[in-house]
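Colleague: what's the 3D shape of this:
(chains A and B)
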Amino acid sequence: MSALSALFMRDLRLAVRVGGGALIGVLFFVIVVILVPFAIGPDPNLLARIGPAILWLDALLASLLALDRLLAADYEDGSLDLILTGQSALELAVAAKAIAHWLTTGLPLIIATPLLGLFLNLEWRTSAAVALTLLAGTPALTFIGLIGAALSVALRRGGLLLPVLVLPLTVPVLIFGVAASNAAIVGPLPFGTPFTILCALTLLSSVVGVVAAATALRHGLE
Amino acid sequence: MALIDLANPSRFLNFTERVLPWLAGATVIGFALGLSQAYNAPDDYQQGATVKIMFIHVPSAWLAMFGWALMSAAALGTLVWRHPLADVAAKSAAPIGAAFTLICLITGSLWGRPMWGTYWVWDARLTSVLVLFLMYLGVIALHRAVEDPTRAGRAAAILTLVGAINLPIIKFSVDWWNTLHQGASVLRLGGSTVYPTILVPLLDMAVAFTLLFVTLHLAAMRNEILRRRVRTLRLMQAQSAPGS
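Modeller: Numbering: from 1, shown residues only, chains lettered A, B, ... in the order given. Next comes the predicted model:
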């Protein structure tokens, strides 16, 4: 088993086990969706109209809060130093960690989306469209969050610095994610246009995020 | 004395000490000229005298983007060439650029109320400039979060380069999206579409604003160099204190 796949499997296993925190992200996702009708009232038409936007904002916040697990834990127990001095390229190691993180954080959100569509009075077609756009867009959120996580990894009490750094960069993903979801329902705009831009954002962030995070780790952890 | 000699902080301090008064004087003259030209410029046939907000709004928008571009060049200087003063330049430019962005947003908002009927609209240009402002604040926050200035400078350099993608988005937002904001009328293929009686004061104000940016930036760089020297002296003092 190569070093990269060992790192990948390690991250998957750690996330899923007790204390890993994989499924607690889904729990947060569900709780926020439940909070929304308490805030804006239970009118089903209103909830259906802004449902995709709520789900996307919620996915954004849930992936933001889960970024803690990505690099900070490894920094604290010293594994990050081992990865830095290891034999595989740092970019690939960081990419493997990010993909494992998405599989345990982003993918459960996407699986939970159809159920939450029921809470928001969304039709099945709408929920499916939202789930598809989340599938294309949450990797972008993970890779962009990776940049912020790498920049703030050595800070003891980063606090809200990580969200402040990451959220402005995720604005395009949010815009096109919601645009694609709405286009699938209401659309004069075809679904494909914002959806392909969303896929492009994911591909772009997968390169830029990984390279930027590796550079940040190299320079930040001398 | 070659330009590279300015990479030495002491030489840089000597140079800027001599140059800054002249730059400040040039800034005052530039503003005097620009503001008098703006005052004497004709009223717009549709907007009346309100069009003169443009003489502050447009140059500050240009300077807001110039600030981030300058920070990106400084970021390359830090990461690629290890220039000694590059992170000082980047750290000093961030608050100034943020201030110009804020001026751009506020004057634009005040201009929008009589012209568009609203203080704010979520179109592409306004949204991307607001995101630029947030990114400026993020870079400032990152500088303040990390204790060691050199490490902070490198982290901020990476963030600056990632955020530089916003600059072409701002510039071309009025072309790519259906926006309420005015399209490009100065820097565009086919030349400017602004009449000279308005264009000349605008460009003069832009020069004045740029001189202001450079003056403030060099002054801020001086302060940052001195601040780091004070920090080093304090650390040395703490290290050699009895009982340490």
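
Colleague: Next secondary structure element downstream of the lowest-mean-pLDDT helix or strand in chain B?
Modeller: Across the helices and strands of chain B, mean confidence by mean pLDDT, DSSP states H and E is lowest for helix B:166-176: a mean of 87. Next helix or strand after helix B:166-176 toward the C-terminus (DSSP states H and E): helix B:196-240.

Colleague: Summarise which helices and strands that following helix is packed against.
Modeller: In terms of contacts (3 or more CB pairs under 8 Å, 6 or more residues apart in numbering or on different chains; DSSP states H and E), helix B:196-240 is packed against helix B:9-40, helix B:54-79, helix B:86-116. C-beta here means a position set from N, CA and C on the backbone, and glycine is covered the same way.

Colleague: Can you list the buried residues in the helix or strand of chain A with the lowest mean pLDDT?
Modeller: Ranked by mean pLDDT, DSSP H and E, the weakest helix or strand in chain A is helix A:68-77, scoring a mean of 86. Neighbour counts over helix A:68-77 (16 or more other CB atoms under 10 Å in any protein chain shown) mark A:69-72, A:74-75 as buried.

Colleague: Then stretch A:183-191?
Modeller: Residues A:183-185, A:191 are the ones in stretch A:183-191 that count as buried (16+ other CB under 10 Å).

Colleague: any low-confidence regions in chain B?
Modeller: B:1-2, B:243-244 (pLDDT under 70).

Colleague: From the contact counts, what lies against the least confident helix or strand of chain B?
Modeller: Helix B:166-176 packs on helix B:54-79, helix B:124-145, going by 3+ CB pairs under 8 Å, 6+ apart.

Colleague: for those, which one sits closest to chain A?
Modeller: Smallest distance to chain A across the helices and strands packed on helix B:166-176 (CB to the nearest CB): 4.5 Å, for helix B:124-145.

Colleague: buried sites along the closest one?
Modeller: B:124-143, B:145.

Colleague: Against which helices or strands is the helix or strand hosting A:Ala95 packed?
Modeller: Assessed by DSSP H and E, A:Ala95 sits inside helix A:90-119. Helix A:90-119 is packed against helix A:3-16, helix A:24-40, helix A:44-66, helix A:68-77, helix A:79-84, helix A:124-151, helix A:192-220, with contacts defined by 3+ CB pairs under 8 Å, 6+ apart.

Colleague: before we move on, the earlier item: in a markdown table, list the helices and strands packed on helix B:166-176 along with distance to chain A.
Modeller: Formatted as a markdown table, the helices and strands packed on helix B:166-176 follow (distance: least, CB to the nearest CB, whole Å):
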| stretch | distance to chain A |
| --- | --- |
| helix B:54-79 | 7 |
| helix B:124-145 | 4 |
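
Colleague: For those, could you give me TSV that also reports distance to B:Pro114?
Modeller: TSV is the format used below for the helices and strands packed on helix B:166-176 (distance: least, CB to CB, whole Å):
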stretch	distance to B:Pro114
helix B:54-79	13
helix B:124-145	16
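
Colleague: phi, psi of A:Gly41?
Modeller: phi 90, psi 160 (degrees, to the nearest 10).

Colleague: Relative to chain B, how far out is the residue located most distally from the centre of chain A?
Modeller: For chain A, the residue at maximal distance from the C-alpha centroid (CA atoms, centre = their mean) is A:Asp43, at 29.2 Å. Relative to chain B, A:Asp43 is positioned 23 Å away (CB to the nearest CB, to the nearest Å).

Colleague: Can you tell me the closest non-neighbouring residue to residue 134?
Modeller: The chain I'm using is chain A. A:Ile110 (4.9 Å; CB to CB, 6 or more residues apart in numbering or on different chains).

Colleague: my bad, chain B
Modeller: In space, and not counting its chain neighbours, B:Leu134 is closest to A:Pro168: 4.5 Å by CB to CB, 6+ apart.

Colleague: I'd guessed the one you found sits against B:Thr127; true?
Modeller: No. A:Pro168 is beyond contact range of B:Thr127, at 10.6 Å (criterion: CB atoms under 8 Å).

Colleague: circling back to that earlier point, cross-check the contact I'm expecting between the residue nearest to A:Leu134 and A:Val130.
Modeller: No. Applying CB under 8 Å, one finds A:Ile110 not in contact with A:Val130, separated by 9.1 Å.

Colleague: The two: who's more crowded?
Modeller: Between A:Ile110 and A:Val130, counted using other CB atoms under 10 Å in any protein chain shown, the more crowded position is A:Val130 (31 against 19).

Colleague: need the contact list for the more buried one.
Modeller: A:51-52, A:55-56, A:113, A:117, A:122, A:181 (CB atoms under 8 Å, 6 or more residues apart in numbering or on different chains).

Colleague: From A:Asn182, how far off is it?
Modeller: Between A:Val130 and A:Asn182 the distance is 10 Å, computed by CB to CB, to the nearest Å.

Colleague: before we move on, the earlier item: helix A:44-66 and the helix holding A:Ala95, what's the angle between them?
Modeller: 150 degrees (axes from the mean of the first three to the mean of the last three CA atoms, to 10 degrees).

Colleague: got the buried residues for helix A:90-119?
Modeller: By 16+ other CB under 10 Å, the buried positions in helix A:90-119 come out as A:90-91, A:93-110, A:112-113, A:116-117, A:119.

Colleague: Would you confirm that A:Gly220 contacts A:Leu151?
Modeller: Yes. Contact criterion CB under 8 Å: A:Gly220 and A:Leu151 qualify, at 7.0 Å.

Colleague: And those two? Which one has more around it.
Modeller: The neighbour count for A:Gly220 versus A:Leu151, taken as other CB under 10 Å, is higher for A:Leu151 (32 against 20).

Colleague: sorry, back to before: show me what the least confident helix or strand of chain A packs onto, helices and strands only.
Modeller: With contacts defined as 3+ CB pairs under 8 Å, 6+ apart, the secondary structure elements packing on helix A:68-77 are helix A:79-84, helix A:90-119, helix A:124-151.
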